[in-house]
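Colleague: have a look at this prediction, sequence included:
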There are 2 protein chains.
Amino acid sequence: MAVTIRDVAEASGVHVSTVSRAFSAPHLVNPETRTRVLAIAEDLGYRPNRAARALTTGRTHNIGLIVADIANPFFPPLIKAAQAQARLRDYHVFVADTDEDPQVEEDLIQTLTKQVDGVLLCSPRLTNRTIERLREEVPFVVVNRRAKGMPTVLMDVGRGARQAVEHLTALGHRRIALVTGPSGSWTSKEMQEAAAAMNDVDVVFLGPNPPTELGGLAAATDVIASGATGVLAYNDLVAIGLIEGLAERGKSVPGDVSVIGVDDIVPGRLSRPKLTTIAMPTAAAGRIAVDLLLQSVDSAATAAATMLETALIVRESTGKAHR
Amino acid sequence: MAVTIRDVAEASGVHVSTVSRAFSAPHLVNPETRTRVLAIAEDLGYRPNRAARALTTGRTHNIGLIVADIANPFFPPLIKAAQAQARLRDYHVFVADTDEDPQVEEDLIQTLTKQVDGVLLCSPRLTNRTIERLREEVPFVVVNRRAKGMPTVLMDVGRGARQAVEHLTALGHRRIALVTGPSGSWTSKEMQEAAAAMNDVDVVFLGPNPPTELGGLAAATDVIASGATGVLAYNDLVAIGLIEGLAERGKSVPGDVSVIGVDDIVPGRLSRPKLTTIAMPTAAAGRIAVDLLLQSVDSAATAAATMLETALIVRESTGKAHR
DNA sequence: GACAGTGATACAAACGATTGCACTAAAGTA
DNA sequence: TACTTTAGTGCAATCGTTTGTATCACTGTC
């Protein structure tokens, strides 16, 4: 059996409460006693039982992190940053994958609520109403989506999209296709709104599409049919798939069509041509989201929205329009 | 405050123990009572407190899943499969990322042990001795590594490597480079042993390398210097990076050099040229590993090693040797 | 020298479930 | 009829911590 606080207490000749306080309230115990207790605990290999602690304190010291698809390279940097940040605060992170399915997402939240102190919802596909309802049960921080009354972390894709379109128009493109993402995606909507508001350019919307290489691959025919010479893709995966799809149909990038992605994932930096893209501050988003979440676990939730900057990175997949 | 078993008991006029049994030992309670209790529980929105349950039963119903790097596309299918399988058995999965660092790996296992019933160790970089020691604290299943006395799930990379080398020699290649992975990697060692045992071919070993695109990119000069015309890379990421690196140095694939990867990740299927690779049954590995783990949580650990088949998939990155 | 203040520790009651045991009443057996 | 069995339920201890309160020995104050 595992060694408990009781064993440590007996071995060091003090009461369990003293042992407990030696760990969690050092100023309440004699420094000498404390070091002795700590040494003995170390010796015995004592590790506090988190379940027991959770039972009394009501804090599990776990947070849930729900993402649409771990396989999407957009998420890992965010996940890593969140885990690192959580570890700093002695929290652990449950990562769960919804497979882009709102129903799975809701179920996951439901089962997760009881064993975490808060949930980080990344790029949720749920309706706002559902989120509103679920938030009664557990504190949320929402990433990549506007949700009123809740702390949110956003990345300024609207501005990114405007920069991307400006970049394309500056290169002479007059007809631009926006290959949109999943229908429930806030990011996708933001991009559409931003692009629609641009002057001196025709924007056509093609979608919704799965946010993967295959989604991009499949969108190639639509892009060609649209007559657009510049494309802003929902993300880098879509952009990569699209470039492949265009190549299969004899269209070269950036020769015939210019393509811009979103996220700045590593494969995009190494693809051929190297992808022009809108870089997203995913790691920062993960860190900040965790801080916000832990903050709203302890005190009342601050419903502030944090907006992080994005940046257009011009590489090789965009070029002058030829007509 | 949350609704507890006590609230349900009061509302339905029975003792808490009856409510408890209504959930966890249905045959011990009158069917009528049971349905009534269940209905009231549902009504009140009762959810069992897992911390409390964990405290009495000693089972957290959580398992830990430790991977070297979530950002490596090799892992997500395994993670997803493991999560799905765990969910089927009413278990949750903690995913943790070690950043390829053995020390982080050990720390993570240490902190995780107390809140999970078992740990799935994927492609561990720890020494065997450390694993032996840690296993005293919590049941393990090890994936992608031989560890005696423990249940393991292996993928037959040795056979895969032999097939790959045979494929290359059949194409006329007589000098082959093996771009190895991290030094602690079992997979890497397996590949080396298999390749070294092949006849009619010179095999040179280049490494260790980080198992990423950048690792492959950096290995390009060594590959060229080695004079090899065929390359077996540690994994698809390395292969993709290598192809890029070769291109930067004026070498084309498969024109000048043939390259084979391992894992069959999606980016490899879409890269250009499409990657010849050894497909790994990652999803199956995840499922089986979870089953094995839950099995060894309940009963004594079966120390059996499960070996899963791999398959060579020939695409476009390999071709005839020209000299 | 009596007493408040304080520092250090012990005591014991939670937290929310599970579970062995005791009890009751009805059914089965001889 | 007297007994064992069994189904259904209640009782109470337990899991390992935390934490409010009580205790006690000092120290310092007037």
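Modeller: On my side now, so go ahead.

Colleague: check which helix or strand the closest residue to residue A:248 other than its chain neighbours maps to.
Modeller: Spatial nearest neighbour of residue A:248, excluding adjacent residues (Cβ to Cβ, 6 or more residues apart in numbering or on different chains): residue A:220 at 7.1 Å. Just so you know, the C-beta spots here come from the backbone N, C-alpha and C atoms, and that holds for glycine as well. Here residue A:220 sits within helix A:213-226, counting by DSSP states H and E.

Colleague: returning to what we had before: and the residue nearest to residue A:248, what does it touch?
Modeller: Residue A:220 makes contacts with A:242, A:244-246, A:248-249, A:251, as judged by Cβ atoms under 8 Å, 6 or more residues apart in numbering or on different chains.

Colleague: how far off centre is the helix holding residue A:220?
Modeller: In terms of Cα atoms, centre = their mean, to the nearest Å, the centre of helix A:213-226 is found 26 Å from the chain centre.

Colleague: just the buried residues of that helix, please?
Modeller: Under the neighbour-count criterion of 16 or more other Cβ atoms under 10 Å in any protein chain shown, helix A:213-226 has A:213-220, A:222-224, A:226 buried.

Colleague: and it, average pLDDT?
Modeller: For helix A:213-226, mean pLDDT rounds to 96.

Colleague: what does stretch A:88-98 give?
Modeller: When pLDDT is averaged along stretch A:88-98, the result is 88.

Colleague: just the endpoints, please. Distance across that stretch?
Modeller: 26 Å (Cα to Cα, to the nearest Å).

Colleague: quick one: buried residues of it?
Modeller: In stretch A:88-98, counting by 16+ other Cβ under 10 Å, buried: A:91-98.

Colleague: stretch A:270-288 too?
Modeller: A:270-271, A:273, A:275-288.

Colleague: check whether that stretch contacts chain B.
Modeller: Yes - using Cβ under 8 Å from any Cβ of the partner chain, stretch A:270-288 reaches chain B at A:270-272.

Colleague: distance between that stretch and the chain's centre?
Modeller: 12 Å.

Colleague: what is the mean pLDDT for it?
Modeller: On average, stretch A:270-288 scores 93.

Colleague: and it, C-alpha only, in PDB?
Modeller: This file holds the C-alpha atoms of stretch A:270-288, laid out as PDB (Å, rounded to 0.1, in the frame of the first residue of the first chain):
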ATOM      1  CA  LEU A 270       8.900  23.300 -45.300                       C
ATOM      2  CA  SER A 271       6.300  22.700 -48.000                       C
ATOM      3  CA  ARG A 272       7.100  23.500 -51.500                       C
ATOM      4  CA  PRO A 273       6.500  26.300 -52.300                       C
ATOM      5  CA  LYS A 274       7.000  27.600 -48.700                       C
ATOM      6  CA  LEU A 275       3.700  28.900 -47.500                       C
ATOM      7  CA  THR A 276       2.800  32.500 -47.200                       C
ATOM      8  CA  THR A 277       0.700  32.500 -44.000                       C
ATOM      9  CA  ILE A 278      -0.900  34.400 -41.100                       C
ATOM     10  CA  ALA A 279       1.000  33.400 -38.000                       C
ATOM     11  CA  MET A 280      -1.100  32.800 -34.900                       C
ATOM     12  CA  PRO A 281       0.300  33.300 -31.400                       C
ATOM     13  CA  THR A 282      -0.900  29.800 -30.200                       C
ATOM     14  CA  ALA A 283       1.600  29.300 -27.500                       C
ATOM     15  CA  ALA A 284       0.800  32.700 -25.900                       C
ATOM     16  CA  ALA A 285      -2.900  31.900 -26.200                       C
ATOM     17  CA  GLY A 286      -2.400  28.600 -24.300                       C
ATOM     18  CA  ARG A 287      -0.400  30.300 -21.500                       C
ATOM     19  CA  ILE A 288      -2.800  33.200 -21.200                       C
END
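
Colleague: which residues in the stretch 101-250 of chain A form helices?
Modeller: Per DSSP state H, counting those that start in this stretch, the stretch 101-250 of chain A carries helices over the ranges A:102-113, A:128-134, A:157-170, A:186-196, A:213-226, A:236-248.

Colleague: just those: most buried one?
Modeller: Highest mean neighbour count among those (mean count of other Cβ atoms under 10 Å in any protein chain shown): helix A:236-248, with a mean of 25.

Colleague: check contacts around residue A:192.
Modeller: A:178, A:180, A:205.

Colleague: other residues contacting stretch A:316-323?
Modeller: Stretch A:316-323 has contacts (Cβ under 8 Å, 6+ apart) with A:167-168, A:171-174, A:229-230, A:239, A:243, A:253-255, A:258-261, A:273-276.

Colleague: name the helices or strands packed onto the host helix or strand of residue A:291?
Modeller: Assigned by DSSP H and E, residue A:291 falls within helix A:282-298. For helix A:282-298, the packing partners by 3 or more Cβ pairs under 8 Å, 6 or more residues apart in numbering or on different chains; DSSP states H and E come out as strand A:62-67, helix A:75-88, strand A:118-122, strand A:140-143, strand A:152-155, strand A:305-308.

Colleague: in a markdown table: these, plus distance to residue B:44.
Modeller: Formatted as a markdown table, the helices and strands packed on helix A:282-298 follow (distance: least, Cβ to Cβ, whole Å):
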| stretch | distance to residue B:44 |
| --- | --- |
| strand A:62-67 | 23 |
| helix A:75-88 | 32 |
| strand A:118-122 | 22 |
| strand A:140-143 | 23 |
| strand A:152-155 | 31 |
| strand A:305-308 | 35 |
